[in-house]
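Q: Please find the sequence and the predicted model below.
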Amino acid sequence: MESILVAKNLSKTYQMGEVTVSALRDVNFEIYDGEFVVVLGPSGSGKSTMLNMIGGMDQASEGEIYFRGKALHNATDKTLTQFRRNAIGFVFQFYNLIPNLTAYENVKLSVELSKDPLDIEMVLNEVELLDRSDHFPSQLSGGQQQRVAIARAIAKNPDILLCDEPTGALDFSTGLSVLNLLKKFNKTYKKTVVIITHNAGIGKIGDRVFYIKDGQIEKVVVNDKPLAPEEVTW
Ligand SMILES: Nc1ncnc2c1ncn2[C@@H]1O[C@H](COP(=O)(O)OP(=O)(O)OP(=O)(O)O)[C@@H](O)[C@H]1O
């Protein structure tokens, strides 16, 4: 399988006055094109820091990171902006929709600068919200807002969908439908999905699970038979 992202000896430290916090310590990993990766770890283990490095939102203190062979660790701001715009779709725990834009407009705004976006109505239909296109976020349930947020990320037609606790604010069955959508995107478009979570049950749906602890990858587990979201509980 072809690598889409490679990290070598990646470290991230934050200087807080006299104290140095090591959020990531000498981490090595590879993510393959089209796979579904779950990054599992407790609070404070470094998951978000890792996601920020993968998504080009923050730069490492040390080490190297490559997207399709192109270095991100020493890239200019302009290159990183292009990378985020075209290669990455983000899904956050609390949706981050723009409140005074409708569902349709939220998606439209995100694709405006994309190179090769998908049809907005088609994507809203895929997340089963076409009939809610003209509704504002405050008129939608949490699960529906998250589906708009997923539509917004998918419509950019990114290479990698990065999801930070995408089910964290949702009840179980709503969370399930969100995970099903992410799986569908992964399978239908053969796109890479990376989910970070502290929820061990979700690990079972991934092709691989990265267990992260104290800023390091403790182990990587390959699921020979990843489960469907309906088959797991959390
Ligand atoms: N901007 C920052 N400044 C200082 N320390 C930070 C910053 N961001 C993260 N850290 C520290 O880095 C470590 C890893 O944090 P990170 O947010 O990556 O963990 P996490 O696994 O995503 O946690 P959570 O599940 O609670 O979101 C923590 O000790 C955290 O306090």
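A: It's in.
Q: Could you pull up the residues touching residue 54?
A: Counting by CB atoms under 8 Å, 6 or more residues apart in numbering, residue 54 makes contact with 5, 7, 31, 65, 160, 162, 194. Placement of C-beta: from N, CA and C, glycine included.
Q: So which of those residues is the closest to residue 150?
A: Closest approach to residue 150 among the contacts of residue 54 (CB to CB): residue 162, at 11.8 Å.
Q: Are we agreed that that closest one is in a strand?
A: Yes. The assignment for residue 162 (DSSP: H, G, I helix; E, B strand; the rest coil) places it in a strand.
Q: Now do the contacts for the closest residue to residue 37 other than its chain neighbours.
A: Nearest non-adjacent residue to residue 37, counting by CB to CB, 6 or more residues apart in numbering: residue 194, 4.8 Å away. Applying CB under 8 Å, 6+ apart, we find residue 194 in contact with 31, 37, 38, 39, 51, 54, 160, 161, 162, 163.
Q: can you pull up the bridge partners for residue 194?
A: Using DSSP bridges, the bridge partners assigned to residue 194 are residue 37, residue 162.
Q: per-residue confidence for it?
A: For residue 194, the model assigns a pLDDT of 98.
Q: Now do the residue most central in space within the chain against residue 55, distance only.
A: In the chain, the centroid-proximal residue (CA atoms, centre = their mean) is residue 162; its distance is 1.2 Å. For residue 162, the distance to residue 55 equals 5 Å [CB to CB, to the nearest Å].
Q: Are there residues contacting both of those two? Which ones?
A: Between them, residue 162 and residue 55 share these contacting residues under CB under 8 Å, 6+ apart: 88, 90.
Q: CA atoms only for stretch 211-221 - export them in PDB, please.
A: What follows is stretch 211-221, C-alpha atoms only, in PDB (Å, rounded to 0.1, in the frame of the first residue of the first chain):
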ATOM      1  CA  TYR A 211      -2.400   3.600  20.800                       C
ATOM      2  CA  ILE A 212      -0.900   6.800  22.100                       C
ATOM      3  CA  LYS A 213       0.300   7.400  25.700                       C
ATOM      4  CA  ASP A 214       2.500  10.200  27.200                       C
ATOM      5  CA  GLY A 215       3.300  11.700  23.800                       C
ATOM      6  CA  GLN A 216       4.400   8.400  22.300                       C
ATOM      7  CA  ILE A 217       2.900   5.700  20.100                       C
ATOM      8  CA  GLU A 218       2.800   2.700  22.500                       C
ATOM      9  CA  LYS A 219       1.700   0.200  19.900                       C
ATOM     10  CA  VAL A 220       0.000  -0.100  16.500                       C
ATOM     11  CA  VAL A 221      -2.700  -2.800  16.200                       C
END
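Q: tell me the contacts of residue 140?
A: Contacts for residue 140 (CB under 8 Å, 6+ apart) come out as 103, 132, 148.
Q: report the longest helix in this protein, please.
A: The residue-count maximum for a helix in the chain (DSSP state H) belongs to helix 172-188.
Q: I'd like to know which elements that helix is packed against.
A: Counting by 3 or more CB pairs under 8 Å, 6 or more residues apart in numbering; DSSP states H and E, the packing neighbours recorded for helix 172-188 are strand 36-40, helix 142-155, strand 160-164, strand 192-197.
Q: Would you check that the residue nearest to the centre of the chain makes contact with residue 50?
A: No. Counting by CB atoms under 8 Å, residue 162 sits too far from residue 50 to count as a contact (10.0 Å).
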